[in-house]
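Visitor: fold the stuff below for me.
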Amino acid sequence: MRGEVSVVQGEVSQLLSAMRKTGRWSGHARTEGEQDPLVRGLHKLQTVLNGTPDLRTLDVMVFLHPFCEIIQSDDTTGPVTGMAISSLDRFLAYGLISPGHPSAAGGVAALSESVTHARFVGTNPASDEVVLMKILQVLHTLMLTPVGRLLSNESVCEIMQSCFRICFETRLSELLRNYAESTLVDMVQLLFIQLPSFNEDEYTVDDTASIIDQTITAGGEEERGSVEPCVEDDVEEEGGGGEGEEEGEGRETTDSNGGDEHDELKQQEEGLEEGEAGLKRTAHEAEFVSSDVITATSRHRQGTLAPYGLPCVRELLRFLVSIINVKERNNSESLLHIGLNLVTVVLESGRENLCRFPSLAQLVQDNLSRSLFTLLRHSNFSVFSATLRAVCLLLQHCRVHLRFQVEWGLATLMELFTAENTARLSHEKKDAVLETILRLCHYPYLMAELYVNYDCNLYCSNVFENLTKLLSKSSLPTQGLSSNHLLSLDALLAIVKSFQSCQQQALPDNALAVNSQLSETEGENAPSGALATSQEGSTQINSAGIIFSSRPERETELVEETSITSVRSDSALADHVTETAVEIAGQSCPASGMDTVKAASGYMMAIRGTREGDFPPETTVVELPTPKELIEIRQRKKVILAATEQFNLKPKQGITFLQERRVISGSDSPQYPAEVASFLVDNPWLDKAKIGEYIGDRKNPPILDAFVKHFSLHGTHLVDALRHFLESFRLPGESPVIARILETFSEHWLSCNKEELGKVFANRDAVYVLCYAILMLNTDQYSTQVKKRMSLEEFIHNQRKINNGEDFPRQFLTDIFNRIREDEIIMPDEHKGQVKENYQWKVLLHRSNGPEATYLPVIVTSYNQDLYLLCWSQSVAALSYVFENAEEKAIVLKAINGFSMCASVAAHYELNQVFDKLIISLCKFTTLLNPPETPNAVVVTLGTSSKTRQCLLTMFSLAHQHGNILREGWKNILDALVALFKAKLLPDELVQVRDFVHPTGSVSLFREEAPSTRPDSSLLSSLSFWYSMTALVEPATLNSVRDQGTQNCQQVC
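Guide: I've put the predicted structure just below:
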């Protein structure tokens, strides 16, 4: 349309006017042959536009090219470059580049390249920062407009890198750096909110990894050095450091802020070098995968350009993880703040979709989780607070894929608050930790999931039980109530309140179906939370990724027809994105029938493929255990813990204890060696030295054989297999025992790798001898007592003729030598400090790849009774202590409400003993059970103490509502009534009985005192009467207040 043409013409005219004002173009000739190329390009564009009625008929590059040339020119000043950038921003804002135009992709790629490689002659810092701000603005507009979806992976990475360089440049103003960070927040949110629309099948990460590593080095030698906007003359390149990153005429740059800041910037850039190289990986990866992307990344505008997808998102996440890695010494606190802020945006936008893709899930499970948990020990409070926020989001949204990481994170939070570490933790940090725990306690069904996945797992810690004990202990003050105690109490009450809320909004506890991938039609039309019911049960679909069936005492069948829910993002930027449900740990079952059994949570969990037509494709069925089964698991766990203590003292005694409790079979059973081996390998609490002592005993060869075969060594290099094997126990010191263990290991490894890695070995003896040589090499390379280290040639020389009279290939031995020299085989007795933590994390990652890593999402209420039985005593103890020591009315009311909630849940599950103890506790606080000196003392107590009145009201209210389950507590209630009767505080309805003889028809139970017929008129009696009347004059007002309070309490009761 002509209006769009006018917009471009106006920008051209304005840009020409600005260029004529500068010295270079002010007196320039009008002859076409004498014109500057930049001016000539603008004049040609004017000519083209004069003969074009509709801008859509032109190639996009026709009206973009002159502006891009000006932006990339080394001779333009800052104001001219800024005006050209503003023109491009206006073109994007007005929609002059249509996403459907054939040349739109090439135009967007050229626009992105020109802006991210902008160069101009600097004038003064203030004006130059205006240009940089315009660069950020146009990049922000480009990413968030519809045409930005045509950007390639390389273009997106260069855009993000340019924004990062400005954000990290300490010499720039705080306003500009904050604006760059705000721009990054919007871009990161946009990228991760689109995760459901990406597909990892188009990219093969493992296949391209080596190619990426090779091309990074080559990329650093390109003629075009940097990807950030550059300022010539007065202002140095942003973050460039002036080290070979300039192009063009190679002009000298000066630092406007002095050498100290330059040195600081140089150190900061060295810390970011690895991360920036990673942002460049996407381009090379795309070149390896798609020929179309090769065309785009090589900046030729021929063919179709592939839009960005998962590779740029993966590299962005990898870069963000690298800048929050506290082990990198160059990551300053400002970098940590920026990284944590962006990671928080990633978790808020990506949510469950982060772990839908294996490449992203691997980053989240390993590097991201480890970095966040390490930052929980950071000394800076702002970094600590930001880390807590990110950890909370990680546990909420990604916990289904992070079973053992969640256990690690919660254990770290609780460890920060234990008595041993409380001196190192400031009061503010304690509050922040408790606020995070409080948020987690409010999350629906999270406590039930912790109970099912950890407390009811044989070899996981009791997370839920430990958490409630910690909260109960921290809510008991030693000297006055503080915010720590109140937050702990709030967290306990939040857990109890979740039980109370669930009993009001209980979901059906039968089959729960969850689809892992929705079709477009069903995802668009199906209502959220739809339920499909049948005569035998009901099935629900949500976004957890598998079907969960919570069984009653008898087996129930899943319904055959289900509805599908569509999961939609609630973010403002996600209106155009249709999210799909996610898979658990990236695993799914095909529609064809199959039956597999996997061990998870300490019990056998059936994962069955559905029959064709039962559920949508890629749906997995998981049967949730019944409460009775979980109780049996917990009892079995207690036996294992007791056996562990005995095993660590005397191994044989611990195994015998397990046999007596029928946890493992008898010695004559064929399953006995495998069961013992499973106990030794899976139990993380066993003493590694005792394990080595037990399996090395010459009386236990079947157990040694089963122990070795418990390790899956298929396709594992000999060094890696030996490392993994020796980390599970401490190798005994006796040579015959070591030989017996290594012989068994060598035979098992060779049987697992006979057709692949084992072809190098002639027989088992060759594997055995080489294993010994590897242990000796490891000792030689890392022992502090060895002064002269063995060289590669010496190692190869020592291995001559050991392969059945032949030599091993030199390359094979070189690889073994390098593996040992780069990574030590660390024995369990050497696990201390950071080495121990690294080993524990390595074990965690290994368990995360096994079948036991399956996490069970729980959205049923059948476990709430068991949860309540675990935490009610701690909750009542905390409530009692706080109520007794609190003086503020709000705190007293909170404690009273807590008693009411606990009693309500106990009444719902008909827990008579629990309800009785609650009533008894309330009766004690009324002080009516203590025999008063006089009946008037009861009146005074009720009249002056609001806490006593609140207790009395709550006790009678609970007895009135739930008296049918009250047993032992009736005695205390009757004792309280007797005390009230003696004080004459009971209402008339309770102290009057019918009397047909009496004129009024009723008679009071109180005995009427007969009036005195002989008044005493002695002098002493007169003086005593006068004194008593004088004493009652002053407290008359106080007595009236007491009587009024007592009467109000009496009326309410």
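
Visitor: now do S712 against A721, distance only.
Guide: In this view, S712 and A721 are 10 Å apart by C-beta to C-beta, to the nearest Å. Where C-beta positions appear, they are placed from N, C-alpha and C, glycine not excepted.

Visitor: err, A906, not the other one
Guide: Distance from A906 to A721, counting by C-beta to C-beta: 54 Å.

Visitor: between the two, who's got more neighbours?
Guide: A906 (27 against 22; other C-beta atoms under 10 Å).

Visitor: so that one is in which element?
Guide: Using DSSP states H and E, A906 maps to helix 889-908.

Visitor: what's that helix packed up against?
Guide: For helix 889-908, the packing partners by 3 or more C-beta pairs under 8 Å, 6 or more residues apart in numbering; DSSP states H and E come out as helix 483-504, helix 864-885, helix 912-925, helix 946-961.

Visitor: mind putting those helices in TSV, distance to T744 included?
Guide: Listed next are these as TSV, based on distance: least, C-beta to C-beta, whole Å:
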stretch	distance to T744
helix 483-504	49
helix 864-885	43
helix 912-925	54
helix 946-961	65
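
Visitor: columns mean neighbour count, distance to V991 and mean pLDDT on top of these, output as a markdown table?
Guide: Converted to a markdown table, the helices and strands packed on helix 889-908 look like this (neighbours: other C-beta atoms under 10 Å; distance: least, C-beta to C-beta, whole Å; pLDDT from 0 to 100):
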| stretch | mean neighbour count | distance to V991 | mean pLDDT |
| --- | --- | --- | --- |
| helix 483-504 | 20 | 37 | 85 |
| helix 864-885 | 20 | 30 | 89 |
| helix 912-925 | 21 | 21 | 89 |
| helix 946-961 | 19 | 16 | 86 |
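
Visitor: closest to V364 out of those helices?
Guide: Proximity to V364, assessed across the helices and strands packed on helix 889-908 by C-beta to C-beta, is greatest for helix 483-504 (26.3 Å).

Visitor: packing partners of the closest one?
Guide: helix 427-442, helix 463-474, helix 864-885, helix 889-908.

Visitor: mind doing that once more with 10 Å?
Guide: helix 427-442, helix 446-450, helix 463-474, helix 864-885, helix 889-908 (3 or more C-beta pairs under 10 Å, 6 or more residues apart in numbering; DSSP states H and E).

Visitor: that one to helix 427-442, inter-axis angle?
Guide: Inter-element angle recorded for helix 483-504 and helix 427-442: 0 degrees (by axes from the mean of the first three to the mean of the last three C-alpha atoms, to 10 degrees).

Visitor: quick one: contacts for the closest residue in space to E968 that isn't next to it in sequence?
Guide: Nearest residue to E968 in three dimensions, chain neighbours excluded: D916, at 4.3 Å (C-beta to C-beta, 6 or more residues apart in numbering). D916 makes contacts with 906, 965-972, as judged by C-beta atoms under 10 Å, 6 or more residues apart in numbering.

Visitor: let's go with 6 Å and repeat that
Guide: Contacts for D916 (C-beta atoms under 6 Å, 6 or more residues apart in numbering) come out as 967-969.

Visitor: same thing with S371?
Guide: S371 neighbours (C-beta under 6 Å, 6+ apart): 321, 324-325.

Visitor: write the PyMOL selection for whichever of those residues are buried.
Guide: To isolate the buried members of the contacts of S371 in PyMOL, using 16 or more other C-beta atoms under 10 Å:
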select buried, resi 321+324+325
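
Visitor: for stretch 911-922, C-alpha coordinates in CSV please.
Guide: The C-alpha coordinates for stretch 911-922 follow below in CSV (Å, rounded to 0.1, in the frame of the first residue of the first chain):
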residue,chain,number,x,y,z
LEU,A,911,-9.1,-40.8,65.3
ASN,A,912,-10.5,-41.1,68.8
GLN,A,913,-7.2,-41.1,70.7
VAL,A,914,-5.9,-38.0,68.8
PHE,A,915,-9.2,-36.1,69.4
ASP,A,916,-9.1,-37.0,73.1
LYS,A,917,-5.6,-35.7,73.5
LEU,A,918,-6.5,-32.4,71.8
ILE,A,919,-9.5,-32.0,74.2
ILE,A,920,-7.3,-32.8,77.2
SER,A,921,-4.7,-30.2,76.0
LEU,A,922,-7.4,-27.5,75.8
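
Visitor: chain center to it, what's the gap?
Guide: Distance, stretch centre to chain centre, for stretch 911-922: 38 Å (C-alpha atoms, centre = their mean, to the nearest Å).

Visitor: spatially nearest residue to the most centrally placed residue in the chain (excluding sequence neighbours)?
Guide: In the chain, the residue lying closest to the centroid (C-alpha atoms, centre = their mean) is L394, at 1.6 Å. Nearest non-adjacent residue to L394, counting by C-beta to C-beta, 6+ apart: L347, 5.9 Å away.

Visitor: same check on F164?
Guide: Going by C-beta to C-beta, 6+ apart, F164 has L184 as its nearest residue, at 7.0 Å.

Visitor: the one you found: neighbouring residues, count only.
Guide: The burial count for L184: 25, using other C-beta under 10 Å.
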